[in-house]
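A.B. asks: Sequence plus the predicted model coming up.
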Amino acid sequence: MAFSVRIQTEDFDVSQELAALRAGDKRVGAVCSFVGTVRDRNEGSQVASLELEHYPGMTEKSIEGMMAQARDRFDIHAALVIHRVGLMQPLDQIVMVAVTSAHRGHSFQACEFLMDYLKTQAPFWKKELTPEGARWVDARVSDDQALARWGIQAQNAA
Amino acid sequence: MKVTVRYFAAIREAIGLGTEQVQTQSLTVAALREELLSRGGAYAEALAQGRAVRMALDQVLCEPTTPLREGCELAFFPPVTGG
């Protein structure tokens, strides 16, 4: 499972995933991970629940492409992206990115690179349920700017 | 040529359809968008020029000028908001 992508409705156990990611790999001296969770507020409204839609097939393909780029840019040994879809509530885990490397710099950077890339290029859409009704979440220009730091021009929110 | 057209998120909801088969003379992504737009109603609204609509041809993000291929899959969707 050196480089893998999973799209699933079920929750995930971060410590189990990290243990599996570095299992048996004695080259690894650094494991870096990011977990995104559901907030109870967005754009000034209370969020009761969140529904995530995706484009099956393209989602996996696009994240695999991002991982290939991460391997070109950073000296990393393994990476994992788990993204949940379906209905979620505040406090729930949505997404996990984890990377291993010999030294921390490469896994820290690759983890952030993958997350920045995913935010603007992977076909997921969030719909929030608020007291004012259900609404699709708007893309943020700040996410495009985050990817631009890596020299990649995203025009997702533009 | 025959194209499988797919819609996601707000565009899917507006059009009321996730996927449809289209027989078309259009040669590019932009031309097919124009053709769908000209159906009027929800199509005209959801795919209107000036609205943020992203497109993918055979599951890869593409440009308006990207040529269509026989049997291809073309998707229209709003800016992505995962993570």
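C.D. replies: Now that the structure is in, tell me what you want to look at. Residues are numbered from 1 along each chain as shown, chains lettered A, B, ... in the order given.
A.B. asks: Quick one: list the elements packing against the one helix or strand residue A:146 maps to.
C.D. replies: Element membership of residue A:146, judged by DSSP states H and E, is helix A:141-148. On a contact count with 3 or more Cβ pairs under 8 Å, 6 or more residues apart in numbering or on different chains; DSSP states H and E, helix A:141-148 meets helix A:104-121. The C-beta positions use only the backbone N, C-alpha and C, and glycine is treated the same way.
A.B. asks: hmm, back to that, so how far is the helix holding residue A:146 off the chain centroid?
C.D. replies: Distance, stretch centre to chain centre, for helix A:141-148: 15 Å (Cα atoms, centre = their mean, to the nearest Å).
A.B. asks: residues of that helix that come out buried?
C.D. replies: For helix A:141-148, the buried set under the neighbour-count rule, 16 or more other Cβ atoms under 10 Å in any protein chain shown, comprises A:143, A:144, A:146, A:147.
A.B. asks: Which of those residues sits closest to residue A:112?
C.D. replies: residue A:146 (8.4 Å; Cβ to Cβ).
A.B. asks: re the thing from before, between the helix holding residue A:146 and helix A:104-121, how many degrees?
C.D. replies: 140 degrees (axes from the mean of the first three to the mean of the last three Cα atoms, to 10 degrees).
A.B. asks: and the residue of chain B found nearest chain A, which of the three is it?
C.D. replies: The minimum distance from chain B to chain A, using Cβ to the nearest Cβ, falls at residue B:82 (2.6 Å). When classified by DSSP: H, G, I helix; E, B strand; the rest coil, residue B:82 comes out as coil.
A.B. asks: ok, the residue nearest to it when sequence neighbours are not counted to residue B:9 distance?
C.D. replies: Spatially, and ignoring its direct neighbours in sequence, residue B:82 is nearest to residue A:124 (2.6 Å; Cβ to Cβ, 6 or more residues apart in numbering or on different chains). Using Cβ to Cβ, to the nearest Å, residue A:124 is found at 9 Å from residue B:9.
A.B. asks: which residues does residue A:135 bridge with?
C.D. replies: Using DSSP bridges, the beta-bridge partners of residue A:135 come out as residue A:128.
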